[in-house]
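K.L.:
from the sequence below, what's the structure:
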Amino acid sequence: MSERLYHELAGWFHLLTAPQDYEEEAGEIARLIEAKAPGARTLLELGCGGGNNASHLKRRFECTLTDLSTAMLDVSRGLNPECEHVEGDMRTLRLTRTFDAVLVHDAIVYMTTEGDLRAVFATAFEHLAPGGVAVFLPDCVRETFAEQTRHGGHDGGGRSLRYLEWTHDPDSADTTYDVDFALVLHENGTTRVVHEHFVEGVFGEGDWLAWLRESGLEARVERLDVEDAGDWRAFVARRPD
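P.N.:
Numbering: from 1, shown residues only. As a prediction, the model looks like this:
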């Protein structure tokens, strides 16, 4: 995984992906949680990034937000100062307390091996109260993966960012694919271009369900009703009472 976007360029993050664009998505996440855990109050997010989903979910839940990157936690603190923030790796984090819900959004794509993914499932299990629910939101599963390009960006605070994102898979027989970003950053009359490269994980829906169940969770697949999201699948996993 590249280090720049989530470290030295973290201050640009909300121009790449804006918090206001996540309201519909956060509403779907809340719906999935509340359908399986009515009355859920506390939520742990593993890999919160810049806190975009939390900026909406905090209206419904008391959120504890974790990430591996100190710089990204600082970005999230600026957006969500009322939320608890903890630095930690989603594969090994242990807070010795439980929550009504656990959320793992698209940071889960940086788990590129079965061992990585199983480690995250163990972390979720350890932090769920009995009857609690975890929601995992990978960008895709093997069955829905498609090579594509996307573009976008935002202006704000006297700066502008535009990006071209290219998703491609050099070897469909393995559990990874590549994502390249061309980031165009404009500030104080100066424009520069930054290239970012990520290797991300992709697994079959059946593997997800089998490994979640082997971790002790009751798991099923749900579709998210988000405009322009296509066939976006969430894995909803409940810890038995």
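
K.L.:
neighbours of the nearest residue to Ala37 once chain neighbours are set aside, how many?
P.N.:
Leaving aside its sequence neighbours, Ala37 sits nearest to Val133 (Cβ to Cβ, 6 or more residues apart in numbering; 4.4 Å). Where you see a C-beta, it was placed from the backbone N, CA and C, and this is true even at glycine. Other residues near Val133 number 26, with proximity taken as other Cβ atoms under 10 Å.

K.L.:
same question, Leu117
P.N.:
Around Leu117 there are 23 other residues, counting by other Cβ under 10 Å.

K.L.:
contacts only, for it.
P.N.:
With contacts taken as Cβ atoms under 8 Å, 6 or more residues apart in numbering, Leu117 has the following neighbours: Ile108, Met111, Gly201, Phe203, Trp208, Trp211.

K.L.:
of those, which belong to strands?
P.N.:
Assigned to strands by DSSP state E, the following of these qualify: Gly201.

K.L.:
could you chop the protein up by domain?
P.N.:
For the chain, whose domains are defined here by automatic domain parsing, the residue ranges read 10-141+202-238, 148-201.

K.L.:
which residue ranges form the helices in this protein?
P.N.:
Assigned by DSSP state H, the chain shows helices spanning 13-16, 23-36, 54-57, 70-79, 114-127, 205-214.

K.L.:
of all these, which one is nearest Thr175?
P.N.:
Checking the helices of the chain against Thr175 by Cβ to Cβ gives helix 114-127 as the closest, at 7.4 Å.
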